[in-house]
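Student: I would like to see how this sequence folds:
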Amino acid sequence: MLRRRRFEAVDKRLLRLESRLEDTEDTVAASLDIDRIDDLAHRLELLALSAVTHDDLLEVRMDAARLAAEVTRVRAELQAELDRLEALVDDLAEPNYPRRAAGWR
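Tutor: Got it, this is the predicted structure:
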């Protein structure tokens, strides 16, 4: 009698394991359905088309470097112009000195 109970308990466990294994197989089979794989492949293609590449990043970095160089050049030109205008204003404001402002000829 005791032996039969042990076998029944083992039998129940094996049935539960078998049931869980079948459920897992069904889930895997459903996820590998051809429609789902095609959908996944399509979504991966869309992602690949919209993904940023190494070349894209290099291009952005080059554009940023060009922009920084241009900003530096324009800043230097504006500073030179401000210095010239400051000298002109200083010369015009100084009543004792003859007009010798930068830019006067």
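Student: so, low pLDDT: which residues of the protein?
Tutor: 1, 97-105 (pLDDT under 70).
Student: domain-wise, how is the protein divided?
Tutor: Per automatic domain parsing, the domain ranges recorded for the chain read 1-51, 53-105.
Student: and those domains as JSON lines, adding mean neighbour count?
Tutor: Every C-beta, even on glycine, is put in place using the N, C-alpha and C of the backbone. Below are the domains of the chain laid out as JSON lines (neighbours: other C-beta atoms under 10 Å):
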{"stretch": "domain 1-51", "mean neighbour count": "9"}
{"stretch": "domain 53-105", "mean neighbour count": "10"}
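Student: show me the helices in this protein, by range?
Tutor: For the chain, the helices defined by DSSP state H occupy 2-31, 34-50, 54-93.
Student: now the most centrally placed residue in the chain: how far from Glu59?
Tutor: The structure's the chain has its C-alpha centroid closest to Val52; by C-alpha atoms, centre = their mean the separation is 7.4 Å. With distances taken as C-beta to C-beta, to the nearest Å, Val52 is found 10 Å from Glu59.
Student: same question for Arg43.
Tutor: 26 Å.
Student: Asp26 now?
Tutor: 48 Å.
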